[in-house]
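K.L.:
3D, please:
(2 chains)
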Protein chains: 2
Amino acid sequence: MSKNDSQKIMVDPWGNSLIEDYSRLIREFGMQEFDLSIMPNPNAQMRRGVIFGGQDLKIIAEAIKTKKKFYCLTGIMPSAEKIHLGTESIIQQVKYYQDNGAETYVLIADVEAQATRGISLTEGKRRALNFYIPAYIALGLDPKKTKFYFQSENKKVSNLAAICSQKITENEFRAIYGSVHPSKVMSAFTQMGDILHPQLKNTMPGIIPIGIDQAPHIRMSRDIARRLKNEYGFFLPSASYNKYTSSLDGSFKMSKNEQTGKIEIPEKDRKELEKKLKKTLTGGRATMNEQKQKGGEVEKCVAYEYCKNHFIKEDKILKQMRDECVSGKNLCGECKQKYLIKHAFEFYDEFDKKFENAKKIVGKIKFEE
Amino acid sequence: MSKNDSQKIMVDPWGNSLIEDYSRLIREFGMQEFDLSIMPNPNAQMRRGVIFGGQDLKIIAEAIKTKKKFYCLTGIMPSAEKIHLGTESIIQQVKYYQDNGAETYVLIADVEAQATRGISLTEGKRRALNFYIPAYIALGLDPKKTKFYFQSENKKVSNLAAICSQKITENEFRAIYGSVHPSKVMSAFTQMGDILHPQLKNTMPGIIPIGIDQAPHIRMSRDIARRLKNEYGFFLPSASYNKYTSSLDGSFKMSKNEQTGKIEIPEKDRKELEKKLKKTLTGGRATMNEQKQKGGEVEKCVAYEYCKNHFIKEDKILKQMRDECVSGKNLCGECKQKYLIKHAFEFYDEFDKKFENAKKIVGKIKFEE
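P.N.:
Predicted coordinates:
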């Protein structure tokens, strides 16, 4: 889902990627731990623990196995003509569900971009067509199987939003989102319309891959779906939760709102990219000798995290990177050249090529209204 | 504007039509007394004091006199296939502004009817096409000069609603509407989109004729227009306020939510209509003698109110009705036959004829999207 103010309430209060923190999140938010064993053909991020939790993922796994209809939905806020690595993780999830049969929806939150950031609908549309949609395609979505739509053009969504708003009290809204600012209400219920509208024609399970900061939307959409069950037969939306992507120095969550510490897509200037990658925090020891003896602390290494979560697709190569670290074979500088920079460059070369191709077909996309 | 929950907060807390009460309303709501002397070609309702207050009516009067662009907007909630006399008053106002050059907008609040009353969009549309739109035309609106639209189809409105919601805080909303229930927020900002959207293409003054229960919408729309002035150049919407139409026995405000005490449009069964009209409260004295000596108390007479506000168009005839009452010439039963029933029947005969004609042209209307 597109980011909104709710982020401010929830933003990363528990550090970034320590395992204890995610367990606590799972407990406190009433979600379930991600169970790899139930998912058919799990993708790299699932196998590698980037997906740490979920809600009602069984029904999605079941739909995949029995080839029943289900949908997957994600959102784009067309605020800048680039995305960061954290967003790439979400797209990988969407791609997984699409490859496994999901009806796929990608909404462009142009109404929200206009309301919250003063980006005109025309400009929002331009950015979506020029960058976001081709980028999402370049990162793996199949344009033939993806229903893109603009919030500003999809009346089904705004009509459903009004219905959803009947089902939540002022106090419930405050409990979920922290405040009842009118703009937050408008935005949240528009997202309820987004999340539930694929079920208007056919009720079916749906999966929303998100970062934990978007969890309030899932909570409210499930409350609403439950209360509209008699009338509309809605399934409660399922969710999967991605771990945050760390900033370069590992000190905070990568975010488009931070000016530094992030790696973006695209990174046209490869020299700049290389400089940034060289700055990533590692799990290196204080001295070369200590490193050779004890090996690196791979769990602390942001370079490894980026490779694991984004740049290295083959498990075999990732394992090799890890082994060479913990055995003390590589020093951090060598390792970065051999793995991080090499595979990042491959990733960006492939992206640039696919992006140019995707731009050529954007004109043919028919948007949902 | 279409009725919404705000009515519940504001509903008729000051009785119905006592002059003191309206003065108090004007004071407490920061509105201005209606100034007949500034309005060009005032219509019967203006001349007869049915319009008791307004906001910024000078700028509208000025636009009429100088033939500058301005607009007028009203709303229909397609909840039942009939309207009551109070609504007819509003339509007379809209007709006045239309006849005097206003760009005229009539919105059908089908999204709200669905959200608050479970009337499907399809059914809302059917009712609008079958009844409301031809009825509004039969009551005087010129279909060639009126822009009808459905909330469910007008994306300009919902997009502007999101922008408006940025400009009001939670506490301001609560102060204006009494609570911040999410559905009230969604509905109110949709109405903000309705009220302001005609200015998106050309900024211009706009007049919203309403009953006092809709005053919160005007207040908020003016706050928002002020805060969006730099960006959009909006004029603050003007408003004119109608007195309530009394129920048959004069005990409360006529409302579509009340099951009894109302006269509706249409009234197909003329015998039933006659029965109801005969029941209207009058200002008759306790005895025939007293009536002949002192005359009737015309200010208390609901039959006179209906004639004044709705059924008798000619001032001369209305004056005659009044004179014959206060001079004691007529007893109430005679008076009702001679004036109320006669002119009501003429009104309904004319309505029925015009309604049938209007139905024939509804198919040709092009709705705003």
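K.L.:
quick one: low-confidence ranges for the stretch 151-300 of chain A?
P.N.:
Scanning the stretch 151-300 of chain A for pLDDT under 70 picks out A:252-259.
K.L.:
strands along that one, start to end?
P.N.:
A:206-211, A:238-242, A:264-265 (DSSP state E, counting those that start in this stretch).
K.L.:
please identify which of these is closest to chain B.
P.N.:
With distances scored as CB to the nearest CB, the stretch of those nearest to chain B is strand A:206-211 (20.3 Å). Placement of C-beta: from N, CA and C, glycine included.
K.L.:
before we move on, back to that, okay, the strands of the stretch 151-300 of chain A in a markdown table with mean neighbour count next?
P.N.:
Below are these laid out as a markdown table (neighbours: other CB atoms under 10 Å in any protein chain shown):
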| stretch | mean neighbour count |
| --- | --- |
| strand A:206-211 | 26 |
| strand A:238-242 | 26 |
| strand A:264-265 | 20 |
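K.L.:
any chance of the ones you listed in JSON lines with distance to chain B as columns?
P.N.:
Shown next, in JSON lines, are those (distance: least, CB to the nearest CB, whole Å):
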{"stretch": "strand A:206-211", "distance to chain B": "20"}
{"stretch": "strand A:238-242", "distance to chain B": "21"}
{"stretch": "strand A:264-265", "distance to chain B": "27"}
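K.L.:
nearest to B:S152, out of these?
P.N.:
strand A:206-211 (23.1 Å; CB to CB).
K.L.:
what does stretch A:34-52 contact?
P.N.:
Stretch A:34-52 is contacted by residues A:22, A:25-26, A:33, A:53-54, A:57-58, A:61, A:64-65, A:89, A:92-93, A:95-96, A:99-100, A:240-243, A:308-309, A:313, A:315, A:318 when judged by CB atoms under 8 Å, 6 or more residues apart in numbering or on different chains.
K.L.:
what subset of these is buried?
P.N.:
Neighbour counting with 16 or more other CB atoms under 10 Å in any protein chain shown marks A:22, A:25-26, A:53-54, A:57, A:61, A:64, A:89, A:92-93, A:95-96, A:99-100, A:240-243, A:308-309, A:318 as buried within the contacts of stretch A:34-52.
K.L.:
how many other residues sit next to whatever residue of the stretch 1-150 of chain A ends up closest to chain B?
P.N.:
Nearest to chain B in the stretch 1-150 of chain A, going by CB to the nearest CB, is A:A115, at a distance of 4.0 Å. For A:A115, the neighbour count with other CB atoms under 10 Å in any protein chain shown is 24.
K.L.:
quick check, it in a helix?
P.N.:
Yes. The assignment for A:A115 (DSSP: H, G, I helix; E, B strand; the rest coil) places it in a helix.
K.L.:
in this structure it contacts B:K167, no?
P.N.:
No. Contact criterion CB atoms under 8 Å: A:A115 and B:K167 do not qualify, at 9.7 Å.
K.L.:
SS state for A:L73?
P.N.:
Assignment for A:L73 (three-state DSSP): strand.
K.L.:
quick check: the residue lying closest to it once chain neighbours are set aside vs A:L129, distance?
P.N.:
Sequence neighbours aside, A:Y105 is the residue nearest to A:L73 in space, at 4.2 Å (criterion: CB to CB, 6 or more residues apart in numbering or on different chains). Using CB to CB, to the nearest Å, A:Y105 is found at 17 Å from A:L129.
K.L.:
more neighbours, the two?
P.N.:
A:Y105 (23 against 18).
K.L.:
and that one, what is it in contact with?
P.N.:
Contacts of A:Y105 by CB under 8 Å, 6+ apart are A:Y71, A:C72, A:L73, A:T74, A:T146, A:K147, A:F148, A:Y149, A:D194, A:P198, A:E368.
K.L.:
among those residues, which one has the lowest pLDDT?
P.N.:
Checked by pLDDT, the contacts of A:Y105 have A:E368 as the lowest-scoring entry (81).
K.L.:
tell me who's in contact with that residue.
P.N.:
Counting by CB under 8 Å, 6+ apart, A:E368 touches A:Y105, A:K147, A:F148, A:Y149, A:E153, A:N154.
K.L.:
how about 6 Å then?
P.N.:
A:K147, A:Y149, A:N154 (CB atoms under 6 Å, 6 or more residues apart in numbering or on different chains).
K.L.:
quick check: closest non-adjacent residue to it.
P.N.:
A:Y149 (3.8 Å).
K.L.:
burial count for that neighbour?
P.N.:
20.
K.L.:
mind checking the SS state of it?
P.N.:
strand.
K.L.:
okay, and the beta partners of A:A239?
P.N.:
For A:A239, the beta-bridge partners are A:Q55, A:I208 (DSSP bridges).
K.L.:
what does chain A put close to chain B?
P.N.:
A:111, A:115, A:152, A:155, A:158-159, A:162-163, A:165-166, A:168, A:170, A:173, A:180-183, A:185-186, A:189 (CB under 6 Å from any CB of the partner chain).
K.L.:
one more time with 7 Å
P.N.:
A:111-112, A:114-116, A:121, A:152-153, A:155, A:158-159, A:161-163, A:165-166, A:168-170, A:173, A:179-183, A:185-186, A:189 (CB under 7 Å from any CB of the partner chain).
K.L.:
all helices for the stretch 51-200 of chain A, in order.
P.N.:
Along the stretch 51-200 of chain A, the stretches classed as helices by DSSP state H, counting those that start in this stretch are A:57-65, A:85-99, A:110-117, A:121-127, A:133-138, A:155-164, A:170-177, A:182-196.
K.L.:
for those helices, which one sits closest to B:I341?
P.N.:
Among those, helix A:155-164 sits nearest to B:I341 (CB to CB), with 43.0 Å.
K.L.:
against which helices or strands is the closest one packed?
P.N.:
In terms of contacts (3 or more CB pairs under 7 Å, 6 or more residues apart in numbering or on different chains; DSSP states H and E), helix A:155-164 is packed against helix A:182-196, helix B:110-117.
K.L.:
how about these in a markdown table, adding distance to B:T287?
P.N.:
A markdown table is the format used below for the helices and strands packed on helix A:155-164 (distance: least, CB to CB, whole Å):
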| stretch | distance to B:T287 |
| --- | --- |
| helix A:182-196 | 59 |
| helix B:110-117 | 48 |
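K.L.:
nearest residue to the middle of chain A?
P.N.:
A:I90 (2.4 Å; CA atoms, centre = their mean).
K.L.:
surely it is in contact with A:N242?
P.N.:
Yes. Counting by CB atoms under 7 Å, A:I90 does reach A:N242; the two are 6.3 Å apart.
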